[in-house]
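Participant: need the 3D shape of this:
(chains A, B and C)
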Amino acid sequence: MPELPEVETIRKGLIKLVGGAVITDVAVFWDRMITPPFSTERFKTVLCGEQIHTIERRGKYLIFLLDHWAMISHLRMEGKYEVSESGEPIKKHTHVIFYLADGRQLRYLDVRKFGKFTLLPIEKRDDYEPFKKMGPEPTADFFKLSKFKKDLSRSHRAIKAVILDQNIVAGVGNIYADESLFQAKIHPLQYADTIGPVAAKRLHEAIIDVISRSVEAGGSTIRTYKNTLGEAGKFQVSLAVYGQTGQPCPNCGHPIEKIRVAQRGTHYCPHCQQMPRVRPKATDSTDIAYKGAR
DNA sequence: AAAGGTGTTTATCG
DNA sequence: TCGATAAACACCTT
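Facilitator: Numbering: from 1, shown residues only, chains lettered A, B, ... in the order given. Sure, this is the predicted structure:
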């Protein structure tokens, strides 16, 4: 469910609610959520007595910084956090409970059970394999156009698959991939290595812009997303294409269409986001062969 | 009413 | 190595 703006909103809410709290006990109801090499048993033992000093984020991952450990949490499709008083009934799909010293409980809920927890000694928190390979955060400070252009030129995949790849740029998921491509006026199926410098620059700017505006709005609530305080996001009303199949394009009025790209539902405006006509390099005789062919 | 789709990642296969 | 596909799981919509 959550992409970078939603995870960032959750992070802020968690800091407000459980920043400084001390974990006194942990219950895990779905073992596979705790990834090796940590057994559920060791996960629980190690966390007892640890204080949550702060919570950071990298891409779509949350990083709880404790006394001796970094607890890394990925919400995947449907993960949520709630902070409850001890007496509150435990909802369906609650899989982990962190009991806090003040009597409250931090609860992790996940309908599809795809979410993952892992622990690293705090001094090794950058050694987490997904972080080592992960692309830059999608902000002007980290996300550099020159590197992005190089990455595009080296990839034969559809551009949408490339910007969903966390190793290219971190935190972009299905919603913001579609929105960024719309804003940059690029067809989601265009091969990355055919995207010229001007379009690449538009896309780079669009990704930074779309993500930052959504962070500002507290993310998008499409179906079930709520932040830690139980509030919905506000960015869904600004979505131009995602989930807007059949609705008029905000630019040209043409109905938004839905196709499948990289196994993901993909929304775009067929009028504003056109595939460029294939233009052969004007270098040799192949040029002549193409003349008249199209 | 069975089949297919859902905001994600990773393992596996060609 | 790269890129496509399936799998992890429960629920909702066609």
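Participant: use CA for all of it now, contacts and neighbours both
Facilitator: Fine.
Participant: the bottom helix or strand of chain A by mean pLDDT?
Facilitator: Within chain A, no helix or strand scores below helix A:285-290, which has a mean of 34 by mean pLDDT, DSSP states H and E.
Participant: name the residues of the stretch 101-250 of chain A found near DNA strand C, please.
Facilitator: A:111-114, A:154-158, A:161 (CA under 7 Å from any atom of the strand).
Participant: now, those residues that are in helices?
Facilitator: Secondary structure from DSSP state H places A:Ala161 of these in helices.
Participant: any chance of TSV for the residues of the stretch 101-250 of chain A next to DNA strand C, columns pLDDT and neighbour count?
Facilitator: As requested, these are arranged in TSV below (pLDDT from 0 to 100; neighbours: other CA atoms under 10 Å):
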residue	pLDDT	neighbour count
A:Val111	94	14
A:Arg112	94	11
A:Lys113	96	18
A:Phe114	96	14
A:Arg154	93	12
A:Ser155	95	15
A:His156	94	14
A:Arg157	94	15
A:Ala158	95	19
A:Ala161	96	22
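Participant: and the residues of the stretch 101-250 of chain A next to DNA strand C, which two are furthest apart?
Facilitator: A:Val111 and A:Arg154 (37.8 Å; CA to CA).
Participant: helix/strand/coil for the closest residue to A:Ile186 other than its chain neighbours?
Facilitator: Computed as CA to CA, 6 or more residues apart in numbering, the closest residue to A:Ile186 that is not its neighbour in sequence is A:Gln273, at 4.8 Å. At A:Gln273 the chain is in coil, as set by DSSP: H, G, I helix; E, B strand; the rest coil.
Participant: list the contacts of A:Gln273.
Facilitator: A:181-182, A:185-188 (CA atoms under 8 Å, 6 or more residues apart in numbering).
Participant: identify, from the residues you listed, the entry nearest to DNA strand C.
Facilitator: For these, the minimum distance to DNA strand C (CA to the nearest atom of the strand) is 12.3 Å, reached by A:Pro188.
Participant: quick one, strands of chain A?
Facilitator: Under the criterion DSSP state E, chain A contains strands at A:23-28, A:54-58, A:61-65, A:69-74, A:79-84, A:94-100, A:105-110, A:116-121, A:257-261, A:264-268.
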